[in-house]
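> with the sequence up front, the predicted model follows.
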Amino acid sequence: MTTILGIPIQALFGQLLLGLINGAFYAMLSLGLALIFGLLNIVNFSHGALYMMGAFVAWLLLNEMGLDYWTALIVAPIVVALFGMVLERTMLCRLYKLDNLYGLLLTFGLALIIEGVFRQLYGISGMPYAVPSALAGGWNLGFMYLPIYRGWVVLASVVLCLGSWLLIEKTKLGAYLRAGTENATLVQAFGINVPLMITLTYGFGVGLAAIAGVLAAPIYSVNPLMGSNLIIVVFAVVVIGGMGSIMGAIVTGYLLGLVEGLTKVFYPEAASTVIFVLMGIVLLIKPAGLFGKGN
Amino acid sequence: MTIKLRGAAAGLAFLGSIGAAQAQISDGVVKVGVLTDLSGIYSQIAGEGSVAAARLAIDDCLKAECTGMKIELLSADHQNKADIASSKAREWLDVQKVDALVDNVNASVQLAIHTLVKEVNSVALTPGGTSRLTNENCAPENAVQWMWDTYSQVAGVAEALTTPGSTWYFLTADYAFGHQLEKDATAIIQAKGGKIQGALRHPFNNADFSSFLLQAQASGANVIALANAGADSTNSIKQAKEFGFGDKQKMVAFLLMLPDIHALGLDVAKNTILTEGFYWDVDDGTRAFSKRFEAIYKKGKPSQIHAGVYSSVRHYLKAVAFGKTDNPKAVIRKMHELPISDDVVRNPRLRPDGRMVHDTYLLRVKTPAESKGPYDYYQVLEVIPGDKAFKPLKDSLCADLKK
């Protein structure tokens, strides 16, 4: 059997595929972050908490109202997006003219409060959420056993990420959004409701986080800390990709999933740090990030 | 001697002349400080439940031996950081005059606290944790370790499942506690003729285990052992099921506790083999204790850490009441003299190295069909007597014992 550095090549394929699955989550979350930063200039630290909320709303829908996974996949993001838009209208909108450090601090505080509330209500051990029966089981790919559900996660993530990218870069609505961030006053003068557009953008970014949360629920235990464990990595992804770059966030998300997957094979101890080492290197060589324009 | 003392103390209590006893208690009040994880991954197996258990122990003692004594309960969140734990503990000991540091969940915190109480002469009551606390890092004059340790957690499982020629693969959490579990298990498995196929160190508080699980699967070992705890264990088990781990490879968990099983759900956790030092549904005593605990805690049945906090604090306070002093070394000596008896532990005995040995249980997680309701999760496969459950005293690495 062919081996690379003592690892059978087939096993390596398996690990790369797993890395891609983790990358799918990084991509979905960092896309939302990049979107919010790009258009609102807010470093949204509550993104992880809202991702966790997505998973919890799915759990509540199932256990309190008997609504299944597929319904949750639609309803949970809407609920969380509405919650996010309320936050934006009542609090975040006051910070646009200030240094973005204020936004960072406010959203960080919000994240702690949201997590604290869920921790108080549901404890820390987490709640079980079963894989939907239509996606249970797995395929034997020869080099590894792939659970169908994980395949679905990658597919859903690719569709969502590409869809969002097309929406922002290729449609008229996206053009308004981009123009609004460049010069809000001018765009408003053309009769476009910029504040509404910004609120909807925040809702959309947050909704993406919630969808990622629902997708994650059957894989990880649904617990109040699931977001804070992930958010720092996702921020590193955004920094490496280039703050505010939509395509950068998506591509870097998948790439770093792969890098992390390889690290788990060759030196598992470093799996949680490799992304930050890369971030350090990228910041040294290309401070604006891989896809950032820099100014 | 004991009977005489008990008689004397009871007499004192009834005569209401506790004032004399309090003369020996510094600043007239016994302060118990629960230093625990109130917000992180151990907050469900310890956390608020540990505070509730200490409260219950204090209330129980005030109704018995401690009548008339003034006992205060403090609690703090150490956030799983040894430096925060140390500075909080120092503040408690120096400024607030706390008499005993309780719980100290998390191995790195425990090691820091053990060093500290030895250095400044105070008391640590630790319900479980790394077996180093009664070996390399022992402090027999200042500390006790109560319910379980990394050795007792692996002993039951490893003894029961190791056959000559069986092969094991470890998924080990990469910090002091995980390494200790792996080390303790390796010694037992090799002694029984088993073989260690390999081990993999994963970062603490990891979310995705699929990559590690596939490596374990590829090793071809008969038994995949989880030398981790909390969310790391539950995520491993959940994802192992997802990746179709079959009957060929048995999965064992060294540190799963009742709240973890509750979080996993029986459908995922069923048939996992594990050891605990306490289970609420063992006999009338444990059921009665659990009911009283639930009335205070309100978030479920006690974990073995909660039970250990209760039992150790209860015995500590009894020793203070009977010894009529809160002098650290004198209380610990008194704890060694007095027989331990409560609703929580069975056949308990406090050894010179500070290890409390008692019966532990080899358990199998029930299937959803076998369970009659919430928290009816375990079938007791075997009661492991204290001497077999814990590392023998003759093998102890405690340097202070050999002085």
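Perfect, thanks for sending it.
> flag every buried residue along the strand or helix carrying A:L16.
In this structure, A:L16 sits in helix A:9-40 according to DSSP states H and E. Neighbour counts using 16 or more other C-beta atoms under 10 Å in any protein chain shown place A:10-12, A:14-40 of helix A:9-40 among the buried residues. (Each C-beta comes from the backbone N, C-alpha and C, glycine too.)
> chain B next: which of the residues you listed are close?
Among those, proximity to chain B is found for A:11, A:14-15, A:18-19, A:21-22 (C-beta under 8 Å from any C-beta of the partner chain).
> and stretch B:248-258, how far out from the chain middle?
18 Å (C-alpha atoms, centre = their mean, to the nearest Å).
> residues contacting residue 115?
I'll assume chain A. A:49, A:52, A:224-225, A:227-228 (C-beta atoms under 8 Å, 6 or more residues apart in numbering or on different chains).
> that's the wrong chain, I wanted chain B
B:T115 touches B:137, B:139, counting by C-beta under 8 Å, 6+ apart.
> so which bits of the stretch 201-350 of chain B are right by chain A?
Close to chain A, as judged by C-beta under 8 Å from any C-beta, the stretch 201-350 of chain B has residues B:201-203, B:205-208, B:210-212, B:214-215, B:218, B:230-231, B:234-235, B:238-239, B:242-244, B:259-260, B:262-265, B:267-268, B:299.
> JSON lines please, covering the contacts of A:E115 and showing secondary structure, pLDDT and distance to B:L74.
Below are these laid out as JSON lines (DSSP: H, G, I helix; E, B strand; the rest coil; pLDDT from 0 to 100; distance: C-beta to C-beta, whole Å):
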{"residue": "A:A49", "secondary structure": "helix", "pLDDT": "95", "distance to B:L74": "30"}
{"residue": "A:M52", "secondary structure": "helix", "pLDDT": "95", "distance to B:L74": "31"}
{"residue": "A:P224", "secondary structure": "coil", "pLDDT": "89", "distance to B:L74": "25"}
{"residue": "A:L225", "secondary structure": "coil", "pLDDT": "85", "distance to B:L74": "25"}
{"residue": "A:G227", "secondary structure": "helix", "pLDDT": "89", "distance to B:L74": "31"}
{"residue": "A:S228", "secondary structure": "helix", "pLDDT": "85", "distance to B:L74": "27"}
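> farthest-separated two in those residues?
Spatially, the most separated pair among the contacts of A:E115 is A:A49 and A:L225, at 9.8 Å (C-beta to C-beta).
> looking at those two, which one has more neighbours?
For A:A49 versus A:L225, the count of surrounding residues by other C-beta atoms under 10 Å in any protein chain shown is larger for A:A49: 28 against 23.
> got the contact list for that one?
Residues in contact with A:A49 (C-beta under 8 Å, 6+ apart) are A:110-111, A:114-115, A:227-228.
> can you show me the helices along the stretch 201-350 of chain B?
Along the stretch 201-350 of chain B, counting by DSSP state H, counting those that start in this stretch, helices occupy B:210-219, B:230-242, B:258-264, B:266-269, B:284-297, B:304-323, B:328-337.
> go through the ones you listed and pick out the most buried.
Compared across these, helix B:304-323 shows the largest average neighbour count, a mean of 28 (mean count of other C-beta atoms under 10 Å in any protein chain shown).
> quick check: beta-bridge partners of the closest residue to B:V123 other than its chain neighbours?
Leaving aside its chain neighbours, B:V123 sits nearest to B:A100 (4.3 Å; criterion: C-beta to C-beta, 6 or more residues apart in numbering or on different chains). Counting by DSSP bridges, B:A100 forms beta bridges with B:V32, B:V123.
> and the two most separated of the ones next to chain B among the buried residues of helix A:9-40?
Longest distance between any two of these is 16.9 Å, between A:A11 and A:N22; criterion C-beta to C-beta.
> domain map for chain B?
B:2-148+B:281-358, B:151-276+B:360-391 (automatic domain parsing).
> relative to A:E182, which of those is closest?
Nearest of the domains of chain B to A:E182, taken as C-beta to C-beta: domain B:151-276+B:360-391 at 37.5 Å.
> wait, isn't A:M52 in contact with A:G227?
Yes: at 3.7 Å, A:M52 and A:G227 qualify as touching, with contact defined as C-beta atoms under 8 Å.
> any common contacting residues for the two?
By C-beta under 8 Å, 6+ apart, A:M52 and A:G227 have these common neighbours: A:115, A:213.
> next one: the one helix or strand B:V102 maps to to chain centre, how far?
Remark: B:V102 resides in strand B:100-103, with elements defined by DSSP H and E. On the basis of C-alpha atoms, centre = their mean, strand B:100-103 sits 12 Å off its chain's mean C-alpha point.
> packing partners for that strand?
strand B:30-36, helix B:47-62, helix B:82-94, strand B:123-126, helix B:304-323 (3 or more C-beta pairs under 8 Å, 6 or more residues apart in numbering or on different chains; DSSP states H and E).
> beyond it, next helix or strand please.
As assigned by DSSP H and E, the chain's next helix or strand after strand B:100-103 is helix B:107-120.
> so which bits of that following helix are buried?
Buried-residue list, helix B:107-120, by 16+ other C-beta under 10 Å: B:107-114, B:116-118.
> that helix vs helix B:328-337, what angle?
Interaxial angle of helix B:107-120 relative to helix B:328-337 (axes from the mean of the first three to the mean of the last three C-alpha atoms, to 10 degrees): 120 degrees.
> helix B:107-120 vs strand B:30-36, what angle?
Using the same axes, to 10 degrees: helix B:107-120 against strand B:30-36 is 150 degrees.
> how far away from the center of its chain is helix B:107-120?
16 Å.
> what's residue 79 sitting at in phi/psi?
Answering for chain A, as no chain was given. Note on A:V79: backbone dihedrals following degrees, to the nearest 10 are phi -60, psi -50.
> oops, wrong one, chain B.
The phi/psi pair for B:Q79 (degrees, to the nearest 10) is phi 50, psi 30.
> pull the contacting residues for it.
Counting by C-beta under 8 Å, 6+ apart, B:Q79 has contacts B:37, B:39-40.
> B:H202 too?
Applying C-beta under 8 Å, 6+ apart, the residues contacting B:H202 are A:268-269, A:271, B:171-174, B:209, B:212, B:228, B:232.
> please report how far it lies from A:I211.
28 Å (C-beta to C-beta, to the nearest Å).
> what does B:E159 give?
The gap separating B:E159 from A:I211 is 47 Å, by C-beta to C-beta.
> just name the shakiest helix or strand of chain B by mean pLDDT.
When the helices and strands of chain B are scored by mean pLDDT, DSSP states H and E, helix B:18-22 comes last with a mean of 45.
> format the CA atom coordinates belonging to stretch A:145-155 as PDB.
This file holds the C-alpha atoms of stretch A:145-155, laid out as PDB (Å, rounded to 0.1, in the frame of the first residue of the first chain):
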ATOM      1  CA  TYR A 145     -17.100   4.900   6.300                       C
ATOM      2  CA  LEU A 146     -18.900   8.200   5.600                       C
ATOM      3  CA  PRO A 147     -22.000   8.900   7.600                       C
ATOM      4  CA  ILE A 148     -24.700  10.200   5.200                       C
ATOM      5  CA  TYR A 149     -25.400  13.100   7.600                       C
ATOM      6  CA  ARG A 150     -21.900  14.400   7.200                       C
ATOM      7  CA  GLY A 151     -22.100  14.300   3.500                       C
ATOM      8  CA  TRP A 152     -25.300  16.300   3.700                       C
ATOM      9  CA  VAL A 153     -23.600  18.900   5.900                       C
ATOM     10  CA  VAL A 154     -20.900  19.500   3.200                       C
ATOM     11  CA  LEU A 155     -23.400  19.700   0.500                       C
END
